[in-house]
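Engineer: quick check, what structure comes out for this input:
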Amino acid sequence: MINLMIRFLPFILVPVLIIAGLGFWRFTVSKQNTDSLPEASSTVQDAGPVEVPKILPQATVEDRVKSLEDTMAKIVPQVNSLKPSGTLTSSTGALDSRITSLESAVTDLKTRIAALEKTAPAPATSSQSIIYIPIGSTSGPWTNSNWELLNEYEISLNPDNYPGYSNMNLEVNYRMVDPTGTGSIRLYNVTDASVVSSQLDTSATSFKLYTTNTFKLASGQKTYKLQIKSTNDRQIYIQSARIKVSF
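Structural biologist: Residues are numbered from 1 along each chain as shown. Alright, predicted model coming up:
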């Protein structure tokens with residue numbers, strides 16, 4: 001409040017000084033006019049008081065002070081509204097605290113994720129229900145009326161690496177070019193020279209996934225290939241082949 005009064009002090013002093021100066025000027029002019037009149041001219045003296053020009057401010061000093069006080073009364077609330085309130089300061093502090101907590105939680109999660117990514121995957125166990133072992137994909141066509149081994153679909157496999165499995169199936173996605181022929185596919189044990197799976201047959205010209213009956217592989221590491229044949233020398237296209245292991 002004191003600072004504001006000091007700021008407005010010049011606005012009060014300036015009008016006061018102006019009024020005082022004008023009063024002094026009027027007094028001087030009146031005195032000069034009085035001295036310049038002839039002593040014998042009593043008519044002028046009887047003519048009435050000398051009229052003072054209306055050059056003084058219309059408002060009095062009291063009015064100006066009151067106006068300044070009214071202005072101050074309007075300014076002070078506006079200045080106070082610009083100051084941060086205690087509630088806002090408290091809310092800001094709480095928000096900063098929550099942001100810090102969230103940043104700490106995110107850092108902790110990143111650390112845990114990094115640790116999990118470095119952990120080696122667990123080996124296959126009997127708790128798994130099904131896994132798939134790819135043999136090959138996309139090749140052909142073949143045309144052979146006798147059983148032909150496909151080097152493109154070859155795999156080395158040891159069933160001992162899948163302890164607890166119950167059975168396996170051969171799954172092949174393939175089609176014929178001409179429906180007048182029949183295409184047949186089976187899994188062959190090259191190491192022991194023996195047929196492993198049941199035979200798949202189709203005359204369809206659209207790709208479809210076919211599944212053999214269940215089987216089990218002989219123990220130990222062995223090499224397996226697909227064997228195919230077609231009737232009437234019709235072409236066979238294979239899109240993919242895999243072994244389904246069930247537990």
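Engineer: quick one: residue 153 from residue 196, how far?
Structural biologist: 13 Å (CB to CB, to the nearest Å). Every residue, glycine included, has its C-beta placed from N, CA and C.
Engineer: more neighbours: those two, which one.
Structural biologist: residue 153 (23 against 20; other CB atoms under 10 Å).
Engineer: close enough to count as contact, that one and residue 135?
Structural biologist: Yes. Residue 153 lies in contact with residue 135 (CB atoms under 8 Å); the separation is 5.0 Å.
Engineer: give me the common contacts of these two.
Structural biologist: 226, 241 (CB atoms under 8 Å, 6 or more residues apart in numbering).
Engineer: for the longest strand that the chain contains, packing partners?
Structural biologist: For the chain, the longest strand by residue count, based on DSSP state E, is strand 130-142. Applying 3 or more CB pairs under 8 Å, 6 or more residues apart in numbering; DSSP states H and E, we find strand 130-142 packed against strand 148-157, strand 222-230, strand 236-246.
Engineer: repeat that with 7 Å
Structural biologist: Other elements packing on strand 130-142 under the criterion 3 or more CB pairs under 7 Å, 6 or more residues apart in numbering; DSSP states H and E are strand 148-157, strand 236-246.
Engineer: go through those and name the closest to residue 185.
Structural biologist: strand 236-246 (7.5 Å; CB to CB).
Engineer: neighbouring strands - and their directions - for the closest one?
Structural biologist: Next to strand 236-246 in the sheet, as set by DSSP bridges, lie strand 130-142 (antiparallel), strand 167-176 (antiparallel).
Engineer: of all the ones you listed, which lies closest to residue 188?
Structural biologist: Closest among those, using CB to CB: strand 167-176, at 10.3 Å.
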